[in-house]
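[1] When you get a sec, could you give me coordinates for this:
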Amino acid sequence: MIPLGTESPWGFNYSFNPLIDFCVSVLEFDGLYVGPFSQHQEGSGTLRSRGLDVESWRSWLANVVATQDARLNWHIEDLRSSLSKDVASFRHVRNIN
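    Okay, the predicted model is just below:
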């Protein structure tokens, strides 16, 4: 048992992202197999017939994932100062625990 107040704070967030889910559902619809997403049935092949392949799908997924960080929507006037405050606050909280 860990004594009260000695554990390190941490968090875990588990959720779904509809834009990423859509990318995966395209594989199921079309039937394109891209590991590890290769357990679905053969699909219509409609998108493959129009040029969708493993590399183009992976590139599309990478672009979608890269744009999902909510921090991309924030605008911080003085980023350096804001980061300094965040780091100081984190260090303060860490020293309390």
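[2] Report the secondary structure state of the residue positioned nearest the centre of the chain.
    For the chain, the residue nearest the mean C-alpha position is V65 (5.4 Å; C-alpha atoms, centre = their mean). Under DSSP: H, G, I helix; E, B strand; the rest coil, V65 falls in the helix class.
[3] Spit out the contact partners of the residue nearest to it when sequence neighbours are not counted.
    Once flanking residues are discounted, V65 sits nearest to I20: 6.3 Å by C-beta to C-beta, 6 or more residues apart in numbering. Bear in mind the C-beta positions are built from the backbone N, C-alpha and C, glycine included. Residues in contact with I20 (C-beta atoms under 8 Å, 6 or more residues apart in numbering) are L61, V64, V65, Q68.
[4] Make sure I20 is indeed in a strand.
    No - counting by three-state DSSP, I20 falls outside a strand, being helix.
[5] circling back: would CSV of the contacts of I20 with pLDDT and distance to L79 be doable?
    Output for the contacts of I20, formatted as CSV (pLDDT from 0 to 100; distance: C-beta to C-beta, whole Å):
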residue, pLDDT, distance to L79
L61, 91, 29
V64, 89, 25
V65, 87, 23
Q68, 81, 21
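[6] By neighbours, which of those wins?
    Ranked by neighbour count (other C-beta atoms under 10 Å), those have L61 at the top, with 18 neighbours.
[7] just checking, what's the longest helix in this protein?
    helix 79-96 (DSSP state H).
[8] Tell me the confidence at the residue nearest to V65?
    Note for I20: predicted pLDDT of 91.
[9] Relative to L27, how far out is it?
    The spacing between I20 and L27, counted by C-beta to C-beta, to the nearest Å, is 12 Å.
[10] Right, I'll leave it there.
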